[in-house]
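Participant: Sequence first, then the predicted structure:
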Amino acid sequence: MPTWAEVVFLLCAVGFILALKGLSGPKTARVGNLIGAGAAVVACIVPFFYADLDNIALILVAIAVGSVVGAVGAQRVQMTQMPQMVALFNGVGGGAAALVALLELEHFVAADDAGLDVPVAYLVATAFTILVGAVSFSGSVITFAKLQELMTSRPVVFPGLPIVFGAGILGALVLAGLVVGSPTMWAGIVLALVGLALGVLLVLPVGGADVPIVISLLNAFTGLTVAAGGYVLQNTVLLVAGTLVGASGTFLTLLMAGAMGRSVANILFGALRGGSTLGAGEASDRPVRSAGPEDIAILLGYADKVIIVPGYGLAVAQAQHTLRELVEVLQERGTEVDYAIHPVAGRMPGHMNVLLAEAQVPYEQLKEMDDINGEFKQTDVVLVVGANDVVNPAARTTPSAPIYGMPILDVDDAKQVIFLKRSMRPGFAGIENELLFEPTTTLLFGDAKDSLSKLLAAVKAL
């Protein structure tokens, strides 16, 4: 590789670091995203100017097809489907890393047959990339299917699953040892197949609110495989980019697990002993107190302090713009309004932040759980829009509940709670929310966007 190409790759790697830094704040996120995308484009173009490439026509066709699919997908994907898209993109990255490692293994096998010395570190990195990349690919496909409801989102277990999974891990280690000790293509291919099976077995027992956390974990897996591939290929861009993704994905997984009040091991294997965050998912027939938009508008219109708790239902209804208008009207009447954001609200970290930023909600109004929990006792009305599990007191009071131990928003401390719900169907964790039956809770049934529109008109009419 010529020196100029190494310098450009180094600059691209710096661009990825700056992009990650930019994504850490809402005001710099757009610029950070553009910097990262620009660095990736440059990194893909550089090899055409120094490398002796074969099958250039096929490469260009693949780039064109991938670009079209990516552009169309980014334009058409709904905010509610963002986690699924992340899962697919992550899976593609892991699969690509595994395929590249298999191609490199072919070169190492030829070198070994010719009596040339192949560095053991390269073979170890190759075996790691094949195995973990395959796990990431198949596991990401299953998480996509679960979130897209192409299969049940409940944990899927069968008798002997731990034994099969353990045997798969043992077999993978043996095959990886063969790849390192006596490299052959058949060992690499079988290792990839075993990795695909392990990815499926790893994700099948995961259900409910645990699925987005597994996406983050698989994202870290993909990053590590890309970094290992960069080491084998002696490519600075891949090494730095993979390390960034692997490290950030690992930290995010740990933070999300902490927000759920559980360990990563419990999230992955909890269903094997009944510990998944998914209940029966049955709607309750217990009586609740409900009211119409006009009555609830009076509560909101004459409140001194209101806290909004957004959830996945807000994203499904695409009601964020209407919610912002309602908040603006309340503020014009002198009401203090804040948004309470739970770390795992929605289907991925930052889901609600991005959704509200899209509606031009000032970022200063968004308060994290730890910062706002102490304010609920002084709050007149809490308006819960599409959230459920993140305000469920069962996380504190019911040891048998699958979300027991998860830190929640202390909504039940407020003077009045208004729930906007389409029906009495439980949230993503599939368990009943006792807060719905409290005397201080009032429900407004209907589509979130339609209900907010009626509330907006009723508040304006006060």
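Facilitator: All right, it came through fine. If you're wondering where the values come from, they're calculated on a predicted model, not measured in any experiment. Numbers count the residues shown, from 1 in each chain.

Participant: Regarding this structure, what is its longest helix?
Facilitator: Looking across the chain with DSSP state H, the single longest helix is helix 82-113.

Participant: and the angle from the helix or strand just after it to helix 82-113?
Facilitator: Where DSSP states H and E defines the elements, the next helix or strand beyond helix 82-113 is helix 120-147. Orientation of helix 120-147 against helix 82-113 (axes from the mean of the first three to the mean of the last three Cα atoms, to 10 degrees) gives an angle of 150 degrees.

Participant: Going forward, count from 23.
Facilitator: Understood, numbering begins at 23; the last thing we discussed is helix 142-169.

Participant: Let me know the average pLDDT across helix 142-169.
Facilitator: Mean per-residue pLDDT for helix 142-169: 94.

Participant: List the buried residues for that helix?
Facilitator: Using 16 or more other Cβ atoms under 10 Å as the test for burial, helix 142-169 gives 144-169. To be clear about C-beta, it is placed using only N, CA and C from the backbone, and glycine gets the same treatment.

Participant: any idea how far Ser46 is from Glu460?
Facilitator: To Glu460, Ser46 is 38 Å away according to Cβ to Cβ, to the nearest Å.

Participant: quick one: terminal-to-terminal distance for stretch 446-455?
Facilitator: End-to-end span of stretch 446-455 (Cα to Cα, to the nearest Å): 9 Å.

Participant: Burial check on Arg176, number of neighbours?
Facilitator: Residues lying near Arg176 (other Cβ atoms under 10 Å) number 18.

Participant: and it, helix, strand or coil?
Facilitator: coil (DSSP: H, G, I helix; E, B strand; the rest coil).

Participant: those strands in this structure, which residues are they?
Facilitator: Assigned by DSSP state E, the strands in the chain fall at 327-332, 358-363, 388-390, 403-407, 438-443, 463-467.

Participant: Can you say which of those strands is nearest to Val36?
Facilitator: strand 388-390 (30.3 Å; Cβ to Cβ).

Participant: circling back: just put the strands of the chain in a markdown table and tack on mean neighbour count.
Facilitator: Shown next, in a markdown table, are those (neighbours: other Cβ atoms under 10 Å):
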| stretch | mean neighbour count |
| --- | --- |
| strand 327-332 | 25 |
| strand 358-363 | 21 |
| strand 388-390 | 16 |
| strand 403-407 | 28 |
| strand 438-443 | 24 |
| strand 463-467 | 19 |
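
Participant: can you tell me how far Leu224 sits from Phe166?
Facilitator: From Leu224 to Phe166 the distance is 14 Å (Cβ to Cβ).

Participant: that older thread, and Ser46 and Glu460? Which one has more around it.
Facilitator: More crowded of Ser46 and Glu460, by other Cβ under 10 Å: Glu460, with 15 against 9.

Participant: Below-threshold pLDDT in the stretch 173-322 of the chain: ranges please.
Facilitator: 230-231, 283, 292-307 (pLDDT under 70).

Participant: redo that, cut-off 50
Facilitator: For the stretch 173-322 of the chain, no stretch has pLDDT under 50.

Participant: Does Val228 touch Pro177 like I think?
Facilitator: Yes - counting by Cβ atoms under 8 Å, Val228 touches Pro177, with 6.4 Å between them.

Participant: Tell me which of those two has more neighbours.
Facilitator: Val228 (29 against 22).

Participant: The spatially closest residue to Val366 that is not a sequence neighbour and Gly271, how far apart?
Facilitator: Nearest non-adjacent residue to Val366, counting by Cβ to Cβ, 6 or more residues apart in numbering: Ala281, 5.1 Å away. Using Cβ to Cβ, Ala281 is found at 15 Å from Gly271.

Participant: about what we covered before: what's the neighbour count on the residue nearest to Val366?
Facilitator: Ala281 has 19 neighbours, counted by other Cβ under 10 Å.

Participant: Which residues are in contact with it?
Facilitator: His364, Pro365, Val366, Met428, Pro429 (Cβ atoms under 8 Å, 6 or more residues apart in numbering).

Participant: can I get those in TSV with neighbour count and distance to Val87?
Facilitator: Shown next, in TSV, are those (neighbours: other Cβ atoms under 10 Å; distance: Cβ to Cβ, whole Å):
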residue	neighbour count	distance to Val87
His364	22	39
Pro365	18	37
Val366	25	35
Met428	24	42
Pro429	18	44
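
Participant: which one of those is nearest Ile440?
Facilitator: Among the contacts of Ala281, His364 lies closest to Ile440 (Cβ to Cβ), at 17.4 Å.

Participant: what's across from Phe467 in the sheet?
Facilitator: Beta bridges link Phe467 to Lys443, judged by DSSP bridges.

Participant: these two touch, right, it and Gly314?
Facilitator: No - Phe467 is not in contact with Gly314 according to Cβ under 8 Å; the separation is 9.8 Å.

Participant: need the contact list for Ala156.
Facilitator: Gly116, Gly117, Ala120, Leu213, Ala214, Leu215, Val216, Gly217, Leu218, Leu220, Gly221.

Participant: just Ala214 next, same as before
Facilitator: Counting by Cβ under 8 Å, 6+ apart, Ala214 has contacts Ala120, Leu124, Ile152, Leu153, Ala156.

Participant: Next: Leu255.
Facilitator: Leu255 makes contact with Val122, Glu126, according to Cβ under 8 Å, 6+ apart.

Participant: Distance-wise, check it relative to Ala147.
Facilitator: Counting by Cβ to Cβ, the gap from Leu255 to Ala147 is 10 Å.

Participant: Over to Ser422?
Facilitator: Computed as Cβ to Cβ, the Ser422 to Ala147 distance reads 46 Å.

Participant: likewise Arg444?
Facilitator: 50 Å.

Participant: All the helices of the stretch 273-422 of the chain, residue numbers only.
Facilitator: 286-291, 315-323, 334-339, 342-354, 373-380, 391-394, 416-419 (DSSP state H, counting those that start in this stretch).

Participant: Would you mind putting those helices into TSV with distance to Thr275 alongside?
Facilitator: Below are the helices of the stretch 273-422 of the chain laid out as TSV (distance: least, Cβ to Cβ, whole Å):
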stretch	distance to Thr275
helix 286-291	6
helix 315-323	38
helix 334-339	20
helix 342-354	27
helix 373-380	16
helix 391-394	18
helix 416-419	20
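
Participant: these two touch, right, Gln400 and Lys327?
Facilitator: Yes - applying Cβ under 8 Å, one finds Gln400 in contact with Lys327, separated by 6.4 Å.

Participant: Just name the most buried of the helices of the stretch 273-422 of the chain.
Facilitator: Highest mean neighbour count among these (mean count of other Cβ atoms under 10 Å): helix 334-339, with a mean of 23.
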